[in-house]
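K.L.:
Prediction below, plus the sequence it came from.
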Amino acid sequence: MTRSEFEKLIIQQKDKLFRFALSILKDTDEAQDAVQEVVLKLWKNRRLIDNSQYHESYCLTAVKNHCFDVLRKQKHHQNYLQTNITEQMEETRFDAIDFVEKLKQELHQLPVQQRMAIELKDFQGLDYEEVSEIMEQSANTIRVHVSRGRKKLFEIFKEELANV
């Protein structure tokens, strides 16, 4: 892969890579650092990108793996769910919270696999095969994660949706 091809690929993917890193790390600075480090790694290993059928999936997988490494190193991964539960309890009543914010909060309460599958499928617009490659699980497993996550979100918002 030439330098211009690499730059074109990264320019096309940088916003998506950042949003994905941010969805995992929950910190803007850490997400920016993660994407920057992944881009450097991808540049050093650009010959591997040439061999990949899905350049976008390859880049997203690299970001996912790096972000999980960051979480493990900082021991945030163990405290992640507890932090979200604490934040949830400290939140004000639902009427005072914008619906989109409530959706984001509830999305982050889902199990990691469901949240990542929904993020990639519904928000990033990837198909099941690409999500499958990124998450290193079968497409059927991804379908189950997305379905279960959507079902949980629907149950949470059933009452609010009926009032719309």
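P.N.:
Structure's in. What do you need? Numbers count the residues shown, from 1 in each chain.

K.L.:
Number of residues surrounding E7?
P.N.:
Using other C-beta atoms under 10 Å, E7 has 12 other residues around it. For every residue, glycine as well, the C-beta is placed using N, CA and C.

K.L.:
what's the helix or strand for it?
P.N.:
Using DSSP states H and E, E7 falls within helix 3-25.

K.L.:
just checking, what packs against that helix?
P.N.:
Here helix 3-25 touches helix 28-44, helix 46-51, helix 55-74, helix 112-118, going by 3 or more C-beta pairs under 8 Å, 6 or more residues apart in numbering; DSSP states H and E.

K.L.:
give me that answer again for 7 Å
P.N.:
The contact analysis (3 or more C-beta pairs under 7 Å, 6 or more residues apart in numbering; DSSP states H and E) places helix 3-25 against helix 28-44, helix 55-74.

K.L.:
show me what contacts the residue nearest the centre of the chain?
P.N.:
Among the residues of the chain, the one closest to the centroid is F20, at 4.1 Å (C-alpha atoms, centre = their mean). Listed by C-beta atoms under 7 Å, 6 or more residues apart in numbering, the contact partners of F20 are 60, 63, 124.

K.L.:
for E37, same thing?
P.N.:
H66.

K.L.:
Give me the pLDDT value at it.
P.N.:
Reading off the confidence values, E37 has pLDDT 93.

K.L.:
what's the spacing between it and Q105?
P.N.:
29 Å (C-beta to C-beta, to the nearest Å).

K.L.:
Much appreciated, bye for now.
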